[in-house]
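with the input below, show me the fold.
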Amino acid sequence: MVSVGALEMDRSPCLRHPAPVQAGCQTMGTSHERSSQVKHSKISIARAITMRKSTVRIVLTSSILGLLVVQSIVAGQAGGNKGVNEQPCGLVYGKSHAFWICPPKGWTLDNTVLKDQGIFATFYPTDSSWEKARDNGTFMYVNTVGKSEGTASVADLMKDDSERTTKASPKAGVRELEPIKTADGQARVQQFEHSAFGRFEAVAYIDAPKTLVMIIITSKDEQSYRRDYPAFKELVQSYKFWTTEVTIHTR
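So this is what the prediction gives:
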C-alpha cells in the first residue's frame, strides 16, 4: 500500500479531462539503476513531503532502498540500459492508483508548472523552457479519469474524447494510430489534427484496474508534433502500473 500526502488541485477546462481532486506526482531518484535485479514486488512505505527548489520531493521514513528497488525494476522493464536517463522518474498517484512514468531522454519532468490546473506530471525539452514549449513547441502531460458508468473502458474514453474534440473544433481530424507497448501492456493511441487552437495532439489511453490513464502530447504545429512524437512513444513505453492501494493523508 502506498501512503502519501495529498496536494489540492484545481480543475482545468484547457487540458484533456479534469484530474482527480486528490492526486499528485512525486519525483524520486533516477532511472540510472536500470540493471538492478532485486525481486521485491510489494512495498509499504510511509512518507513525508518537503519542498526543495520548487520541486516536491519525498523523504522516506522507512528504507529508501524499497523505493529505488521498485523504480529500478520499472525502468529495467521499460527499456533495459539503452538511453539511460539521469533525470528522476515520477510516481503518479491518486485515490485508487499509483504508477511510474519516466521522462524521455532530453526531456524534463516538472510537477509544478500545471499543478494549479490539476496536472502533476508535465514534460518539456530540457534545452527549452516550459513557456517556450507551451507557446512554440511541444509539451506532454499525464492525466487520469476514474472509471464510471458511460466511461468504463478505453474505448468509451476514446469515443468521448473524439466527440468532445470534433464538437469544439469541427475541422479537427481524428484517427487511431498504431498501439504503443508499455512496460506491462499496451496503450491505444488516438491522434487529433487541428484540435483546439489548431494544435496537433495524440493521446495514449491505458486501462488500469480502477482508472483510465491518458498520456498526451500536444504541439503548436505539425512539424513540432512529427519531430517530438518519438519522445512521446518513449514516454508511453515507460509507463508501469504499481498499485491500487493508496492512502492519501490530507492536510
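
hang on, residue 205 in a strand?
Yes: looking at residue 205 with DSSP: H, G, I helix; E, B strand; the rest coil, it is inside a strand.

what number of residues lie near the closest residue to residue 109 other than its chain neighbours?
Spatially, and ignoring its direct neighbours in sequence, residue 109 is nearest to residue 103 (4.3 Å; CB to CB, 6 or more residues apart in numbering). To be clear about C-beta, it is placed using only N, CA and C from the backbone, and glycine gets the same treatment. As a burial measure, residue 103 scores 26 neighbours (other CB atoms under 10 Å).

just read off the phi/psi values of residue 103.
phi -70, psi 150 (degrees, to the nearest 10).

cool, and residue 168?
phi -80, psi -30.

do residue 135 as well
The phi/psi pair for residue 135 (degrees, to the nearest 10) is phi -90, psi -30.

hang on, isn't it packed against residue 220?
Yes: using CB atoms under 8 Å, residue 135 is in contact with residue 220, at 7.1 Å.

which strand residues bridge residue 91?
residue 26, residue 100 (DSSP bridges).

I should have written residue 193 there, sorry.
residue 173.

from residue 131, how far out is it?
Here the criterion is CB to CB, to the nearest Å. By it, residue 193 lies 24 Å from residue 131.

again with residue 239
27 Å.

neighbour count winner among the two?
residue 239 (27 against 10).

just to check, the more buried one is in contact with residue 205?
No: look at residue 239 against residue 205 with CB under 8 Å: they stay out of range, at 11.2 Å.

who has more neighbours out of residue 135 and residue 220?
Of the pair residue 135 and residue 220, residue 220 is the one with more neighbours under other CB under 10 Å, namely 18 against 10.

perfect, that will be all.
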